[in-house]
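A.B. asks: Sequence and computational prediction follow.
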Amino acid sequence: SQRTIGNYFNMAPGVTGDTASGASVRDNSYNLDGVNLNDPSVGTDYVNFGADIMEEISVTQGGVTAEYGGVRGAVVNVVSKSGGNKLHGQAIMFYRGNSFQSTNTDGTPLEGRESGFDYEIEPGFSIGGPVIKGKLWFFANMNYNKSSVFFSGFPWDQDTDTPRLETNPYPFVKLTFQPKEADKFVFMYNYNGRTYDHRTNRGTYAHNNLDSTVHQRTPTHTISAHWTHYWGDNLVTNLKFGMFRSNFDMLVNVPKALYVNTWTDGNYYNGGGNDDMYKRNRVQVNFDGTTFIDNFMGSHELKFGAEATIADSGRANHSYGEATNIFGEPWQNGYFDLYRIHPNYVSASNPDGVLYRDSLGEYSNTNKLQNFSAFIQDTWLIGSRITMNLGLRFENQKGIIPKQNENATPYTVVDSYG
């Protein structure tokens, strides 16, 4: 198994294909040291990190507490490692090669072609210990994951297969400062610089050649700061700040218009067609407190808190010419193809198909999300056999599309289906 949070999540009972208990892939909440890792645009997990930073991972599904709101799938929490008063370190090497798997393409048109991973290698090193014994500790980790994967029949115009190369550097650092018994401060930084060579975002790999692929680069920075204060023996509060900032760019390998053979095999060729550049940013502030009440019709663990989140996402596109078929005609074959010719957002609010661009071949948009919530929950233990989880949550979500493209020129797309 690949050493990612998504693969570990799918090992949990009741989880398959990133869906928990029948919910959708967008119904889960992924968290690292209190920082929400979900993509603010599509809701799936977005931020990656080295597996060796994990002290523990928990998956909760069904009846999640009011702290997490309307999560219909699962809550995935990762707690990262911390340094201690003794210096510790480790070095690891993870590897799997093509000889570790078999293929079953005998008797098919893909017989003799490669498929599945070519290799995956991940060296890693971590070290943790004291800066000031009893007060200040550090933990640092570096993993570097590199993998090469074959897709049967890619590229379609060559007799030999070309693998897709992916690299993921994962540097991570964490500082823990406890100046006195009642206060603890934690700072965390994680970076992921994922890159793909020969990625396709059009159809299957078997219909692409090298000219029609793109190069993906996704630098992502994640930061959190956490203050814990103990108010005597019966109340603890946490104040957290977390954020991630990321660019998700897919840049063509060949800056030419995309051609598609709609007449026979549906293969793509000539060029990458267009650059797609996305942004994904999230900032959040959390506050919570926990207190304990005994001998009141049982015992209670009472937790309360609030959260404010601001996120923004956007897309910029540069086209190298409109996609055409082998006759040079615009490639119009239903909604899917309209989207590919003119990579813009078409919705029910735009039934006439009028799309707006800064200029022909250019497009950009930005969206914002605001989320404010507060909750209170009670874990009520009655005797030794009954536990009741009661909760109340208020939540306000607002999606915002700011003014943009006010000087754009209308560009009408004609639907070939009329």
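C.D. replies: Nice, I can see it. Numbers count the residues shown, from 1 in each chain.
A.B. asks: Pull up the gap between Arg96 and Tyr119, please.
C.D. replies: Applying Cβ to Cβ, to the nearest Å, the value for Arg96 to Tyr119 is 7 Å. Where C-beta positions appear, they are placed from N, C-alpha and C, glycine not excepted.
A.B. asks: Val186 too?
C.D. replies: For Val186, the distance to Tyr119 - Cβ to Cβ - is 37 Å.
A.B. asks: These two: who's more crowded?
C.D. replies: Neighbours per residue (other Cβ atoms under 10 Å) separate Val186 from Tyr119, with Val186 holding more: 20 against 15.
A.B. asks: you'd agree that one is up against Asp33?
C.D. replies: Yes. Taking contacts as Cβ atoms under 8 Å, Val186 lies within contact range of Asp33: 7.4 Å.
A.B. asks: Give the residues shared as contacts by those two.
C.D. replies: By Cβ atoms under 8 Å, 6 or more residues apart in numbering, Val186 and Asp33 have these common neighbours: Ser224, His226.
A.B. asks: list the contacts for Phe94?
C.D. replies: When contacts are counted by Cβ under 8 Å, 6+ apart, Phe94 touches Arg3, Glu120, Ile121, Glu122, Pro123, Gly124.
A.B. asks: any chance you could map the helices in the stretch 201-350 of the chain?
C.D. replies: Ranges of helices in the stretch 201-350 of the chain, per DSSP state H, counting those that start in this stretch, are 335-341.
A.B. asks: Not counting residues beside it along the chain, what's closest to Arg3?
C.D. replies: In this structure, Arg3 finds its nearest non-sequential neighbour in Ala51, 3.8 Å apart by Cβ to Cβ, 6 or more residues apart in numbering.
A.B. asks: Which positions in stretch 202-217 come out as buried?
C.D. replies: Within stretch 202-217, the residues scored as buried using 16 or more other Cβ atoms under 10 Å are 202, 205-216.
A.B. asks: got a pLDDT number for Ser152?
C.D. replies: At Ser152, the predicted lDDT confidence score is 82.
A.B. asks: burial count for it?
C.D. replies: Other residues within reach of Ser152 by the criterion other Cβ under 10 Å amount to 18.
A.B. asks: and what of Asn295?
C.D. replies: Residues near Asn295, counting by other Cβ under 10 Å, number 7.
A.B. asks: so what's it scoring on pLDDT?
C.D. replies: The model's pLDDT for Asn295 equals 83.
A.B. asks: Equivalent analysis for Phe336, please.
C.D. replies: 33.
A.B. asks: go on, the one 3 residues further on?
C.D. replies: According to the prediction, Tyr339 has pLDDT 36.
A.B. asks: Tyr144 is in contact with Glu166, correct?
C.D. replies: No. Counting by Cβ under 8 Å, Glu166 sits too far from Tyr144 to count as a contact (11.7 Å).
A.B. asks: Pick out the residue nearest the middle of this structure.
C.D. replies: The chain has Tyr46 as the residue nearest its centroid, 0.8 Å off, counting by Cα atoms, centre = their mean.
A.B. asks: which non-adjacent residue is nearest it?
C.D. replies: Leaving aside its chain neighbours, Tyr46 sits nearest to Asp39 (4.0 Å; criterion: Cβ to Cβ, 6+ apart).
A.B. asks: Wait, the one you found touches Asn48, no?
C.D. replies: No. With contact defined as Cβ under 8 Å, Asp39 does not reach Asn48; the gap is 11.9 Å.
A.B. asks: From Asn234, how far off is the residue lying farthest from the centre of the chain?
C.D. replies: For the chain, the residue at maximal distance from the C-alpha centroid (Cα atoms, centre = their mean) is Asn295, at 44.6 Å. Asn295 is 13 Å from Asn234, where distance means Cβ to Cβ.
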